[in-house]
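> Build the 3D model from these lines:
(2 chains)
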Amino acid sequence: MKFGMMKTHRRNQLLLIVVLIVGAGATLALVMQALTENINLFYSPAQVVAGEAPTNQRIRAGGMVVVGSIQRAVDSLQVSFLVGDLQSAQFPVLYDGILPDLFREGQGVIAGGSLDESGVLIADEILAKHDENYMPPEVAQIMASQQEKTPP
Amino acid sequence: MIIELGHFALILALAMSCCLAVLPGFGVSLGRPALMRTGGSLAAGMFVFTLVSFVCLAQGFIGDDFSVAYVARNSNSALPVYYKISAVWGAHEGSFLLWCLVMSSWTLAVAMFSQQLTDDMRARVLAVLGSVSIGFYLFLIFTSNPFDRTLPFFPSEGADLNPLLQDFGLIVHPPLLYIGYVGLSVPFAFAIASLSSGQLDAAWARWSRPWTNVAWAFLTLGITLGSWWAYYELGWGGWWFWDAVENASFMPWLIATALVHSLAATEKRGVFRSWTVLLAIFAFSFSLLGAFLVRSGVLTSVHAFAVDPERGVFILWYLIIVIGGSLLLYGIRAGQMSVNVGFGWLSRESFILANNLILTVSAITVLLGTIYPLIYEWFSSGQKISVGPPYFNMVFVPLMLPLIALMALSSFSRWRRTATEVLFGRQPIRLLISGLVCLIFCLLTSTWNLWFQVVSLISIWLIVNLLADARYRQGGRGFAGFLKQTPSYYGMWLGHIGIAVSALGIVTTVVMSEELDLLMSPGDKTQIAGYDLRFEGVERVNGPNYSADRGIIAVSRQGRLIEMLYPEKRLYSASQSVMTEADISVSFWRDVYVALGEPIGNQAWSVRVHVKPLVRWIWLGGILIAIGGFTTILDKRYRRLKMARQLQSRAETSVQASLA
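Got it, this is the predicted structure:
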């Protein structure tokens, strides 16, 4: 009787260890795979202009919406605008859809999508934050580093 | 004056928390029952002073006292009074005051409803809650004081509450969520108290179970409401974004779900004792980590609070102290907990073990995805990235499917061991029934998506098993046995049904939703998923503190008018911010969701239309799960056995004392 229980216990332990190893391995593989496939690198306008951002691969890029650059199509939802930094780097964004409420000229924005060969970001998502005092940290950092560099 | 009173009350509450952390503990170490019993009154004092402080801040909002910086930033004299009150928790400082209020309420509740504990144990539990509170009060007073004034030059009008938060969802979502988050401090306190006293019998599991279940049920409700709110207010129809802040609430939920189950095994069978203690520590740690992620601004999120590095540093240290300290204590004491209780591999214990493993791993994968941008930035010297929702879907869904399948099988499991026949005997027929139901569903909707088939098959199988279990309870036929079960059983049953309902809602919405962004001029018609929509035009309307363009859209099906929808585009006058207010035709089987984009000249507007089948089921399931959690605490045994427990643990204490 005692021996029998012992055996069950051992068998349980062995089974548990095997299941754990297989499960952990499978999960780890899945996680690694999912991570490598689904991270979006972030680029500043200067990096996009300098050609550091890859083309035809999903990225995110952000900066300020250049004042006066928003252009709409008349018969569809297509819209294009320029995203720039405090200096002269600017890149065009093309988007087909409804823009978020806080999308505004002169405001911080992050666009997600892929760059085509001519350097236009074909966006499938536009993020403008829902508190207008709130700047996306990525964009804030670009601006802050440029303000340090440029003497007032 | 009232504001200063509130500030002062807050400082007194801090003083109370310090006393609560120290005095009952001294009582324990000196063996003075009188000192141990101070816990109750100190907890009451802490609660009363926090409440006074909270009411004073609310009065600041109601009385439009814009000399208070926090009020000036988050209110406006034109704001309706119910939003003025909810604005108290509309931003960082006030929401943390609410957090403290909730914390002190839990502490008071523990003091009031723990008469069944020994004086010694009760003192320890309250002391832990007091210590945890100290950190919260210090954080509030020194880094996020909502009572700061901007004298002598203060604005004559407030900047207004963020329009997104001027909504019923915000009135109820944060309080419910915080009750859940902070409630996890109670099982944590029980675990730490048991560790420190060395009384690591199964009794602590019985004490903490009702508390854990309630906190978990509130957390479930809070998350469900948050998702619903995001759906109609924020999201252009999205109900879950895998956003850092959502994950911050979801990770503690996953761990707490594991805890709810392992506590059951520990209480009933005495197994997994040290693991359960560890889970209790981690559940609370994850809820603190959530607070850190939300309030420090280290992560990009749609609902991040204003960023202040000082706050982040404070919470980080607090996290390190709380988690480090409790893990240290655990490391010292866990060795004493080894028990030798065996169980067969087809037992309820095994199923709970599997549940715990899967839930813990899911929480870790969500954590990894959430903080991966930080890790990546650290290792690549500054390259910023974001982790997209596909990561979470890809990892999370494969983990949830076996979980639901195990849940289905576990309906017939018994403690210690289950006969193979009982567990698997009738499964072929049940699978067949589920398969048929699933097939009919697919035929009716003509959907042949693999994901849909797999998820709905497993979910329906779960429901079939739960129904079968209800039918054959206690060997009875017809549902007679089912009516004689304990509240614990009903809670489990409802919770599991809720999971199936949510899963069905999620997979149906994801697979079968139709979405259309289009340009519409007055008189334009469009068709989506069998519904005809006609855009009648836009009219101007005025609200109390906003003006709006209100679209008029007629939704009809096969020529019959179903509902007129009035989505709005609002301009809030104080903050000059624009807000989209969607309008939804709601029903049990589907939602028709309409939102206005922007005017594109010549009276044309961009319009977004969704038809989302079964989307309500997602939240219906969440509500069922929460009701299940609340039901379990009605169980009589939490009251019936209190005297016996007390006598028993007294006896144990005296044995330990005589041994020492």
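
> near chain A, anything from stretch B:347-359?
Yes. Judged by C-beta under 8 Å from any C-beta of the partner chain, stretch B:347-359 comes into contact with chain A at B:350, B:353, B:357. (C-beta placed from N, C-alpha, C; glycine too.)

> Am I right that A:S88 is in a helix?
No. The assignment for A:S88 (DSSP: H, G, I helix; E, B strand; the rest coil) gives coil, which keeps it out of a helix.

> picking that back up, export the residues of stretch B:347-359 next to chain A as a markdown table, with columns for distance to B:Q603 and neighbour count.
Output for the residues of stretch B:347-359 next to chain A, formatted as a markdown table (distance: C-beta to C-beta, whole Å; neighbours: other C-beta atoms under 10 Å in any protein chain shown):
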| residue | distance to B:Q603 | neighbour count |
| --- | --- | --- |
| B:S350 | 65 | 21 |
| B:L353 | 63 | 22 |
| B:L357 | 59 | 18 |
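
> quick one: least confident of those?
Minimum pLDDT for the residues of stretch B:347-359 next to chain A is recorded at B:S350 (89).

> so what's that residue closest to, chain neighbours aside?
Nearest non-adjacent residue to B:S350, counting by C-beta to C-beta, 6 or more residues apart in numbering or on different chains: B:F343, 6.6 Å away.

> Please settle this for me: is that neighbour part of a helix?
No. Under three-state DSSP, B:F343 falls outside any helix and is assigned coil.

> Can you check the pLDDT for it?
For B:F343, pLDDT reads 80.

> ditto for B:G324
As predicted, B:G324 sits at a pLDDT of 94.

> can you point me to the longest helix in chain A?
Looking across chain A with DSSP state H, the single longest helix is helix A:2-38.

> gap between that one and the chain center?
Relative to its chain's centre, helix A:2-38 lies at 34 Å (C-alpha atoms, centre = their mean, to the nearest Å).

> Equivalent analysis for stretch B:242-249, please.
Offset of stretch B:242-249 from its chain centre (C-alpha atoms, centre = their mean): 11 Å.

> in that stretch, what's buried?
Within stretch B:242-249, the residues that count as buried by 16 or more other C-beta atoms under 10 Å in any protein chain shown are B:242-249.

> any chance of these in CSV, with secondary structure, distance to chain A and pLDDT too?
Below are the buried residues of stretch B:242-249 laid out as CSV (DSSP: H, G, I helix; E, B strand; the rest coil; distance: C-beta to the nearest C-beta, whole Å; pLDDT from 0 to 100):
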residue, secondary structure, distance to chain A, pLDDT
B:W242, coil, 10, 90
B:D243, coil, 11, 84
B:A244, helix, 12, 84
B:V245, helix, 12, 84
B:E246, helix, 14, 88
B:N247, helix, 15, 91
B:A248, helix, 17, 91
B:S249, helix, 18, 92
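
> Just name the closest of these to A:Q87, please.
A:Q87 lies nearest to B:A244 out of the buried residues of stretch B:242-249, by C-beta to C-beta, at 30.4 Å.

> And B:Q656, what's its pLDDT?
Note on B:Q656: pLDDT of 49.

> residues contacting residue 111?
Since you didn't name a chain, this refers to chain A. Under the criterion of C-beta atoms under 8 Å, 6 or more residues apart in numbering or on different chains, the neighbours of A:A111 are A:60-62, A:83, A:93, A:95, A:121, A:123, A:125-127.

> that's the other chain; I wanted chain B
Contact partners of B:A111, counting by C-beta under 8 Å, 6+ apart, are B:39-40, B:43-44, B:122, B:126.

> mind redoing it with 6 Å?
Taking C-beta atoms under 6 Å, 6 or more residues apart in numbering or on different chains, we find B:A111 in contact with B:40, B:43, B:126.

> ok, now B:L289?
By C-beta under 6 Å, 6+ apart, B:L289 has no neighbours at all.

> So what sits opposite the residue in the stretch 401-550 of chain B positioned nearest to chain A in the bridge?
Residue nearest to chain A within the stretch 401-550 of chain B: B:D517 (5.2 Å; C-beta to the nearest C-beta). Note on B:D517: beta-bridge partners B:R608, judged by DSSP bridges.

> what's the distance between it and B:F412?
The gap separating B:D517 from B:F412 is 48 Å, by C-beta to C-beta, to the nearest Å.

> Mind giving me the packing neighbours of the host helix or strand of B:P428?
Using DSSP states H and E, B:P428 sits in helix B:427-445. Applying 3 or more C-beta pairs under 6 Å, 6 or more residues apart in numbering or on different chains; DSSP states H and E, one finds that helix B:427-445 contacts helix B:450-472.
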